[in-house]
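Peer 1: show me how the following folds:
(2 chains)
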Amino acid sequence: MNRLAQTALLFLLGATLLHAGLTDLYLRYVKAGLRPLVLLAGVVLIMTAAATLWYERRHAPARQHHHHEPRISWLLALPVLALILVAPPALGSYSAAHTGTALTKPFGFPDLPAGEPLRLGVADYAGRAVYDDGRSLRDRELKITGFVTLDRSGAPYLVRMGLNCCAADAQPVKIALTGNVPPVLSPDTWLEITGRYTPRRTKDPVNDGPIPYLDVTRARPVPAPADPYDETWNN
Amino acid sequence: MPVRTTGGTGPVATTRPAPQETDETAGNETARPVADKGTSPDDARHLNSPLLLTLLLLTAVMLQDPIRGALSAPVMQSWMTVFVAVMVQALPFLVLGVLLSAAIAVFVPPSFFARALPKRPALAVPVASVAGVVLPGCECASVPVAGALVRRGVTPAAALAFLLSAPAINPIVLTATAVAFPGNPEMVLARFVASLLVACVMGWLWHRLGRTDWLRPPDRPSYEGRGRGAAFWGSVRHDVMHAGGFLVVGAMAAATLKAVVPEEWLRVAAGHPVLSVLALAVLAVLLSICSEADAFVAASLTQFSLTARLTFLVVGPMIDLKLFAMQAGTFGRAFALRFAPATFALAVVVSALTGMVLL
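Peer 2: Reported below is the predicted structural model:
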């Protein structure tokens, strides 16, 4: 690959990172806190492309070496194409079904605000239900948002993927659904579920992790949130 | 002007594949097209790479619907997401490491390292390992920096110890470990001690057994006689193109394993004390998770013993698929093929022993 192609590829890579960082696209792949670094990397790559072009023009007569980078550099076109053409969606029901629930014991159980219905995150509900025996959840109307995953037997779960760094380490927290569950549920649909705590529990078939049930009274389809991952848990 | 190199570089370096099109960027050098046609018979075989890149991009845009269709299966989508995620996450750290490595190569004189590190390699190794504390990043940043250190005359044993210790013992990673294991603060100490030990022992091993001819960094352009700006940006460009290409290989491998290997397999291994340590060591290599995030993944592998999870945390930042690819690209394949298995074996043994003592 000669210098001109390298310049073009560096510029494209930088522009792709800037594009991902300036829109919400990057939130499908990495945590929100990485945004400044993604933007910075995009700027540096574009500056590198510009500098390569600049010095190439200035120093052309004095140049002795024509250093061709190895063929492996061509692979850098793949992430550019993947992000621009395909822009794969955030991890959804497929990975959730193949990964065990990552529920861990919370540090503590702060008091929940008064008022009905009570909005809760998937991990917050699961943590309180499993490790606090639902003490703070009883007799309250709850509203929880997540996407639908079906296991092999077709049982529905409400899931939110948690993220620590990037989607490669994303892990689901699952809540099993019972009660007034909609008859037809397609995986990856985002639902806002209104329901009540129930002491019933099950085990994740993948890793034997604990999964609490939620007694559904109403389920409303909602658009996917801007940040599809839950970044509040264990961070 | 003929473009033949003065040194003993291979024939690839002498070709100039784009006589007409690059004329504009090549400046006022009007004689080149003629000279090229005369001196470079390889030109016909060398496809013009800017043209090839343009064709590649246009074809991809043209075929985007069939491509999207082929990628719509859930397993392919999951693969793509993880692949893109690893790239988007690792590229900023790679760029930081590359900037730092270019700064070392251009602005820090070799005499600085001669003064900063003890003369005797046996002493320089532990000093360099502890110096890993100051590079706050993940493993993608440490590979180009270690490469720059070697080229700046730092003894390879010390640079390699730095390469191994930096991603594992810097404050960001240790803090993340403490947060991920709130009930087991001894995990942080165990990770620090085991990683430092492996880095030192690998450095000493290299000093005793390593041979310089294994360490063959790829040919680099020379920046002699150029300004500092040209040298700096030239180094950044070179490192991004090199390490970036290998990063893509590693990201593809990691995405494949993440999408294909079912987690149920791990349950079988978790019950057995020896098998569980080995299973998580292999998993750390295959998953290639950033060292700043691996503690959280380890914390969620609750069916495994703390020692097995410590192995995961020690092995991961030192050797994984993307690191192996990047090491092969920076230091040469002969090096990576020897260094990686030795590091793996040593990291497993040391973390098992540390786990027995501390956990």
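
Peer 1: next, see if the lowest-mean-pLDDT helix or strand in chain A gets close to chain B.
Peer 2: Lowest mean confidence among the helices and strands of chain A (mean pLDDT, DSSP states H and E): helix A:93-98, at a mean of 88. Yes: Helix A:93-98 lies within reach of chain B by CB under 8 Å from any CB of the partner chain, at A:93, A:94, A:95, A:98. Backbone N, C-alpha and C define where each C-beta goes, glycine included.

Peer 1: flag every buried residue along the next helix or strand after that helix.
Peer 2: Heading C-terminal from helix A:93-98, the first helix or strand you meet, by DSSP states H and E, is strand A:118-120. Under the neighbour-count criterion of 16 or more other CB atoms under 10 Å in any protein chain shown, strand A:118-120 has A:118, A:120 buried.

Peer 1: could you do stretch B:51-70 as well?
Peer 2: B:53, B:57, B:60, B:67.

Peer 1: low pLDDT regions in the chain?
Peer 2: Just so you know, I chose chain A. Scanning chain A with the threshold set as pLDDT under 70 gives A:59-69, A:233-235.

Peer 1: ah, I was thinking of chain B
Peer 2: B:1-47, B:136-138, B:217-226, B:262-264, B:300.

Peer 1: got the domain boundaries for it?
Peer 2: B:11-62, B:78-358 (automatic domain parsing).

Peer 1: can you tell me which of these is most buried?
Peer 2: domain B:78-358 (a mean of 21; mean count of other CB atoms under 10 Å in any protein chain shown).

Peer 1: contacts only, for the spatially closest residue to residue B:330 that is not a sequence neighbour.
Peer 2: Leaving aside its chain neighbours, residue B:330 sits nearest to residue B:147 (4.4 Å; criterion: CB to CB, 6 or more residues apart in numbering or on different chains). Applying CB atoms under 8 Å, 6 or more residues apart in numbering or on different chains to residue B:147 gives the contacts B:101, B:217, B:239, B:330, B:331.

Peer 1: how about residue A:32?
Peer 2: A:227, A:231.

Peer 1: how close does it sit to residue A:163?
Peer 2: Using CB to CB, to the nearest Å, residue A:32 is found at 9 Å from residue A:163.

Peer 1: which residues are in contact with both of the two?
Peer 2: With CB under 8 Å, 6+ apart, residue A:32 and residue A:163 have common neighbours residue A:231.

Peer 1: and the gap between the residue lying closest to residue B:197 once chain neighbours are set aside and chain A?
Peer 2: If the residues on either side of it in the chain are set aside, residue B:197 comes closest to residue B:350, at 5.1 Å by CB to CB, 6+ apart. Per CB to the nearest CB, to the nearest Å, residue B:350 is found 24 Å from chain A.

Peer 1: assign residue B:350 to helix, strand or coil.
Peer 2: Using DSSP: H, G, I helix; E, B strand; the rest coil, the structure places residue B:350 in helix.

Peer 1: just confirm residue B:205 is within a helix.
Peer 2: Yes: assessed by three-state DSSP, residue B:205 belongs to a helix.

Peer 1: starting at the chain centroid, how far to stretch A:132-139?
Peer 2: Averaging C-alpha positions (CA atoms, centre = their mean, to the nearest Å) puts stretch A:132-139 28 Å from its chain's average.
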